[in-house]
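K.L.:
no sequence on hand, only this structure:
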């Protein structure tokens, strides 16, 4: 559709306005419908550079627009996606030791903070404990099978889990 | 080109192997050449969801491949891009107050950590103090002009600046 302000382009304002007048791209509307209908959002990905791969970051950037996911003074516990749960499940290249050593990889919770608190909590979505498989490519086939079994087991009782408190204390003790 | 291992696709291994045999996509080779020739890398962007916009994250994911930017036990101070400087310069949507309040936005240094320490330091690149313009769209035109002037001024003496120490202490006091 047309730009709301063609003099000074502002991506955030344009997507917000497009959301309000129902003229976002069809692919975004479809993704937003999936989010709207979901009780639980599971993000499964390989950790790239201490964060999500770009294609998943692009999903966050494009789908979670103002008006849909949050709004003026409707953020964090007041976010527009209240009532939903989320879970970040990912594999890493580095070992668990690397992510437990502040002078090297830093604490894994520093990695979790922007995704869990900065994005999901900001939109009012509660966050379950992350599911992290460390360095699957560097472990034995047996260990990899154990990882899959553990995930299968966890999925069976996921609905009984309580969200983390997603406060700075959880991340930065 | 062909896959190194067509049985089990591993993005990191494939780009590493492609780099070694000189068969990365032309656009990546060109970007790597720019990095190789640069003394200073300035990343300028609007902060999206406490991080880089996806398109810039994609640049990191695709360009900084193993063999080029880091290698087995060649990371952090031993990274392959030693001798270069970097600077993250970005605008935010949220105010400086929001990024100084741990219970809301958290400290801005939590945002800087994955980019500066997790990516640049990992590749051996030293990091200058970040340049952050908070919420330019919510300040006066005069204030915006001041921001531009300050950046212009800083660029003039950038070469005299010392890098930050980029250790966990800098980020998490």
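P.N.:
Now that the structure is in, tell me what you want to look at. Nothing here was measured: the structure is a model prediction, and the numbers come from that model.

K.L.:
which stretches in chain A count as strands?
P.N.:
Under the criterion DSSP state E, chain A contains strands at A:40-46, A:85-91, A:126-127, A:131-133.

K.L.:
strand partners of the third one, parallel vs antiparallel please.
P.N.:
The one in question is strand A:126-127. strand A:85-91 (parallel) (DSSP bridges).

K.L.:
point out the residues in chain A that sit beside chain B.
P.N.:
A:10-12, A:46, A:48-55, A:57-58, A:60-62, A:64, A:76, A:93, A:102-106, A:110-111, A:113-114, A:117-119, A:137, A:167-168, A:171-172 (CB under 8 Å from any CB of the partner chain). Any C-beta I mention is one placed from the backbone N, CA and C, and that applies to glycine too.

K.L.:
neighbours of residue A:21, how many?
P.N.:
10 (other CB atoms under 10 Å in any protein chain shown).

K.L.:
hmm, which of the residues of chain A next to chain B are the buried ones?
P.N.:
A:46, A:48-54, A:57-58, A:60-62, A:64, A:93, A:104-106, A:110-111, A:113-114, A:117-119, A:168, A:171 (16 or more other CB atoms under 10 Å in any protein chain shown).

K.L.:
so what's the most centrally placed residue in chain A up against?
P.N.:
The centroid of chain A falls nearest to residue A:115 when counting by CA atoms, centre = their mean (4.8 Å). Listed by CB atoms under 8 Å, 6 or more residues apart in numbering or on different chains, the contact partners of residue A:115 are A:43, A:51, A:52, A:88.

K.L.:
so what's the third one up against?
P.N.:
Okay, so that is residue A:52. Residue A:52 makes contact with A:43, A:45, A:60, A:115, B:57, according to CB under 8 Å, 6+ apart.

K.L.:
between those, which is nearest residue A:24?
P.N.:
residue A:60 (14.9 Å; CB to CB).

K.L.:
what ranges do the helices span in chain A?
P.N.:
For chain A, the helices defined by DSSP state H occupy A:11-20, A:26-37, A:54-63, A:108-113, A:141-156, A:168-171.

K.L.:
ok, now which ones touch the spatially closest residue to residue A:11 that is not a sequence neighbour?
P.N.:
Among residues not flanking residue A:11 along the chain, residue B:46 sits closest, at 7.4 Å (CB to CB, 6 or more residues apart in numbering or on different chains). Shown in contact with residue B:46 (CB under 8 Å, 6+ apart): A:11, B:53, B:90, B:91, B:92, B:93.

K.L.:
and residue B:46, bridged to which residues?
P.N.:
Residue B:46 has these beta-bridge partners by DSSP bridges: residue B:91.

K.L.:
just for chain A, where's the confidence low?
P.N.:
Within chain A, the stretches with pLDDT under 70 are A:103-105, A:173.

K.L.:
make it 80
P.N.:
For chain A, the stretches with pLDDT under 80 are A:1, A:101-106, A:172-173.

K.L.:
ok, back up a step: how about CSV for the contacts of residue A:52, with distance to residue A:5 added?
P.N.:
Formatted as CSV, those follow (distance: CB to CB, whole Å):
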residue, distance to residue A:5
A:43, 32
A:45, 34
A:60, 24
A:115, 31
B:57, 27
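
K.L.:
residue A:20 is in contact with residue A:65, isn't it?
P.N.:
No: using CB atoms under 8 Å, residue A:20 is not in contact with residue A:65, being 9.7 Å away.

K.L.:
quick one: which of those two has more around it?
P.N.:
More crowded of residue A:20 and residue A:65, by other CB under 10 Å: residue A:65, with 21 against 14.

K.L.:
ok, now which ones touch the nearest residue in space to that one that is not next to it in sequence?
P.N.:
Leaving out its chain neighbours, the residue that sits closest to residue A:65 by CB to CB, 6+ apart is residue A:15, at 4.2 Å. By CB under 8 Å, 6+ apart, the residues touching residue A:15 are A:24, A:62, A:65, A:66.
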